[in-house]
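> just to be clear, the model below is a prediction. Sequence and coordinates:
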Amino acid sequence: MEKIELKGIGVSPGVISGKVFLLTGERFSIPKREISEGEVAEELARFEKALAQTTEEVVQIRKKVAKEIDEEHAHILDAHLLVLEDILLIEETMKRVEKEKLNVEYLFSRVLENLAEKFEAMDDAYLKGRAADVRDVGRRVLRNLLGREHRDLSSLEEEVIVVAYDLSPSDTAAMHREKVIAFVTDVGGKTSHTAIMARALEIPAVVALRDVTAKVKRGDRIIVDGTNGMVIINPDEETLKKYEAEEDELEVIERKLEEFKDLAGQTLDGHRLELAANLEMPEEIPSILAHGAEGIGLYRTEFFYLNRTDLPTEDEHYQAYKFVAEKMAPHSAIIRTLDLGGDKFLSQLQTPREMNPFLGWRAIRFCLERPDIFKTQLRAILRASVHGKLKIMYPLISGVEELRRANQILKEVREELRAKAVAFDENLEVGAMIETPSAAMTADILAREVDFFSIGTNDLIQYSLAIDRVNEKIGYLYEPAHPAVLRLIKSIVEAGHRQRIWVGMCGEMAAEPIFAIILLGMGLDELSMSAVAIPKIKKIIRAVTMKEARRLVKEILTLSTAREIEQRVREKLAKVAPDVLTQLAGGQ
Ligand code: PEP
Ligand code: MG
């Protein structure tokens, strides 16, 4: 088997080798490959086998529908069976394989799309609707041809590396945690959902590999090097040995870093910086505490709404937040209110498809229009606040009116609870995420309405540099060290401090070792990150003085490009924490 090396973006460190589990979604890459005359018969046999397999699948589903719903609904699947018997579709594909000498999945997908488009162009509504049947059943055939698994990660029986076009929040939420040892995807960037989840699960991940789903088969052995952004398909013995040695080395480094986990994030001259963790699922709390987190700086509650057909009840919310409050006490936990939209969708809300979801009806914009959903969550957070130290934070604030409306709703909820004599923490802090350029530019105005800010750099960078954070083609433009981004961060911190509120950061930038000294020097009060990153950041903070950090900020703000800035910061890091820099080699 041929060894193939692919370079992508390493988004979660570590090295591991294992077997491929190829996950299908709505989208996957179809490989195109020339075949020899001798391979034609084999190719046609594969096609016939996939058709038979698909027919069997559809027959089974039809039976299930007839039994569990009724015969009338089962008729819908008859349309799928008809597609599978469509002589034109089958014969045309076979003829083209013989004539064009290309692999069958490629030609079948072309013939299929052609047929679907013809149906789509018809005036008759019934015939038009058949385009969806053609595509739907066609995807099943392609899945069987490509040997892909159905989109279900919940019942894995052995350890696997998940290879997918992309992973949706519902995939990762349903996933069997112990069995998935790495993620590899075609698309994505450092701040896409897949990346954030991989770091939360502490497994290596490489994204933005473009067409890795077309290059691997189920069961292939691959190496995932999340530190250097490499994936090696079918490695030889020598490569495997080399990477195994690297895996051991990384483990030794991680163990050494453990000595920092229980120390404070304090500079040599005594300045404290709070180091907190980001949380996606409450089950992560033991690992978060084990890495020395001093609180939770961002609890992404949208995960709580996933993989269910209804909305969580107030009591379900309450139980989850009570659990977090109790487990984290005496530390605080910042609960971010529902941030749906962007790359996180909830099927039960049936929100419309949008051209620009990141610029659309998301986060606080959605909550303000659905006060019923918003109030349920706010009530539960307030009720749970008596069990520890909770704080509330609103996502994607873009102006003060929005912030006032959110606060007004919160005030109503507080009054309702008081009227019913339900206890809650009267001093609970409320903050705004600063993740839009408009919020950053009006931070002085917003600061009068809240107790704290948390800078969401994942979105702030995407919006200020006009770069889709999940589009791998422009990933190279995603620059946290861009002077525009650094100026914005500095002015947000200053605006907050002038108003005497504290300012934190919970975007992925907070976890990147090369930015730690700059963020410290800019005066951030708290950094919240994936827990794995905490010991490393503590180590850096403990190796500098606040004075040095401030001086470095002054200096880099005179530079013109992200590259120059990063270069200068690396030089500094090489002096104060050379071993951290060595670990970053190639990675970031
Ligand atoms: C951010 O935008 O930086 C952030 C922390 O929020 P999310 O990544 O969930 O959008
Ligand atoms: Mg955000």
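Alright, I've got the coordinates. Ligands and ions are numbered 1, 2, ... in the order given.

> check what pLDDT the residue nearest in space to the middle of the chain gets.
For the chain, the residue nearest the mean C-alpha position is residue 193 (0.8 Å; CA atoms, centre = their mean). We have a pLDDT of 78 for residue 193.

> wait, it touches residue 167, no?
Yes - at 6.8 Å, residue 193 and residue 167 qualify as touching, with contact defined as CB atoms under 8 Å. Glycine gets a C-beta too; all of them are placed from N, C-alpha and C.

> following whichever strand or helix holds residue 141, which helix or strand comes up?
Residue 141 belongs to helix 125-146 when assigned by DSSP states H and E. Under the assignment DSSP H and E, the closest C-terminal helix or strand after helix 125-146 is strand 160-164.

> by contact count, what packs against the helix or strand containing residue 316?
Per DSSP H and E, residue 316 falls inside helix 314-328. Helices and strands touching helix 314-328, by 3 or more CB pairs under 8 Å, 6 or more residues apart in numbering; DSSP states H and E, are helix 285-290, strand 295-300, strand 332-336, helix 371-384, strand 389-394.

> could you dump these to a markdown table with mean neighbour count, distance to ligand 1 and mean pLDDT?
Formatted as a markdown table, the helices and strands packed on helix 314-328 follow (neighbours: other CB atoms under 10 Å; distance: least, CB to the nearest ligand atom, whole Å; pLDDT from 0 to 100):
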| stretch | mean neighbour count | distance to ligand 1 | mean pLDDT |
| --- | --- | --- | --- |
| helix 285-290 | 16 | 16 | 91 |
| strand 295-300 | 25 | 5 | 97 |
| strand 332-336 | 25 | 8 | 98 |
| helix 371-384 | 21 | 16 | 97 |
| strand 389-394 | 24 | 10 | 98 |
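
> dump those to TSV, plus distance to residue 423.
Listed next are these as TSV, based on distance: least, CB to CB, whole Å:
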stretch	distance to residue 423
helix 285-290	24
strand 295-300	21
strand 332-336	17
helix 371-384	8
strand 389-394	13
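
> so which of these gets nearest residue 433?
Closest to residue 433 of the helices and strands packed on helix 314-328 is strand 389-394 (CB to CB; 5.9 Å).

> quick one: work out the angle between that closest one and strand 332-336.
30 degrees (axes from the mean of the first three to the mean of the last three CA atoms, to 10 degrees).

> distance from the chain centre to strand 389-394, please.
Averaged C-alpha coordinates place strand 389-394 at 22 Å from its chain's average position (CA atoms, centre = their mean, to the nearest Å).

> same check, this time on stretch 287-298
The answer for stretch 287-298 is 19 Å, by CA atoms, centre = their mean.

> and residue 223, that one's in a helix?
No - assessed with DSSP: H, G, I helix; E, B strand; the rest coil, residue 223 is strand; it does not lie in a helix.

> need the contact list for the closest residue to residue 422 other than its chain neighbours.
Of all residues beyond its chain neighbours, the one nearest residue 422 is residue 383 (6.2 Å), with distances taken as CB to CB, 6 or more residues apart in numbering. Neighbouring residues of residue 383 by CB atoms under 8 Å, 6 or more residues apart in numbering: 318, 417, 422-424.

> only whichever of those are buried, select them in ChimeraX.
If you want just the buried ones from the contacts of residue 383 in ChimeraX, going by 16 or more other CB atoms under 10 Å, the selection is:
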select :318,417,424
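
> helices - which of the contacts of residue 383 land there?
The helices, defined by DSSP state H, take in 318, 417 from these.

> so which of the contacts of residue 383 is the closest to residue 84?
Ranked by distance to residue 84 (CB to CB), the contacts of residue 383 are led by residue 318 at 49.2 Å.

> residue contacts, the closest one?
380, 383-384.

> run through the stretch 451-588 of the chain and note the low-pLDDT ranges.
582-588 (pLDDT under 70).

> could you count how many residues lie near the residue in the stretch 301-450 of the chain positioned nearest to ligand 1?
Going by CB to the nearest ligand atom, ligand 1 is nearest to residue 435 of the stretch 301-450 of the chain, at 4.7 Å. A count of neighbours around residue 435, defined by other CB atoms under 10 Å, yields 26.

> can I assume it is in contact with residue 395?
Yes - assessed by CB under 8 Å, residue 435 is found in contact with residue 395 at 7.2 Å.

> pull the longest helix from the protein.
Across the chain, the longest stretch assigned as helix under DSSP H is helix 40-68.

> in that helix, what's buried?
So for helix 40-68, counting by 16+ other CB under 10 Å, buried means 40, 43, 46-47, 50-51, 54-55, 57-58, 62, 65.

> save those as a markdown table, and put in pLDDT and distance to ligand 2 too.
Shown next, in a markdown table, are the buried residues of helix 40-68 (pLDDT from 0 to 100; distance: CB to the ion, whole Å):
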| residue | pLDDT | distance to ligand 2 |
| --- | --- | --- |
| 40 | 94 | 52 |
| 43 | 92 | 47 |
| 46 | 92 | 45 |
| 47 | 93 | 45 |
| 50 | 91 | 42 |
| 51 | 92 | 45 |
| 54 | 87 | 40 |
| 55 | 90 | 45 |
| 57 | 81 | 39 |
| 58 | 82 | 41 |
| 62 | 78 | 43 |
| 65 | 66 | 40 |
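
> could you dump the strand or helix carrying residue 519 to PDB, C-alpha only?
Here residue 519, judged by DSSP H and E, is contained in helix 516-522. Output in PDB follows, covering the C-alpha atoms of helix 516-522 (Å, rounded to 0.1, in the frame of the first residue of the first chain):
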ATOM      1  CA  ALA A 516       0.700  34.800  26.300                       C
ATOM      2  CA  ILE A 517       3.300  37.600  27.100                       C
ATOM      3  CA  ILE A 518       1.500  40.100  24.900                       C
ATOM      4  CA  LEU A 519      -1.900  39.400  26.500                       C
ATOM      5  CA  LEU A 520      -0.300  39.700  29.900                       C
ATOM      6  CA  GLY A 521       1.300  43.000  28.900                       C
ATOM      7  CA  MET A 522      -1.900  44.400  27.600                       C
END
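
> remind me what the host helix or strand of residue 110 packs against, helices and strands.
Using DSSP H and E, residue 110 sits within helix 104-120. In terms of contacts (3+ CB pairs under 8 Å, 6+ apart), helix 104-120 is packed against helix 40-68, helix 87-100, helix 125-146.

> could you give the angle of that helix to helix 125-146?
170 degrees.

> and helix 104-120, how far out from the chain middle?
32 Å.

> pull out the buried residues from it.
Those would be 104-112, 115-116, 119, for helix 104-120 by 16+ other CB under 10 Å.

> what does stretch 397-417 give?
For stretch 397-417, by 16+ other CB under 10 Å, it's 397-398, 400, 402-403, 406-407, 409-410, 413-414, 417.

> report the mean confidence score over that stretch.
98.

> near ligand 1, anything from that stretch?
No - figure legend: stretch 397-417 not in contact with ligand 1 (CB under 6 Å from any ligand atom); closest approach 11.8 Å.

> since that was my last question, I'll sign off now.
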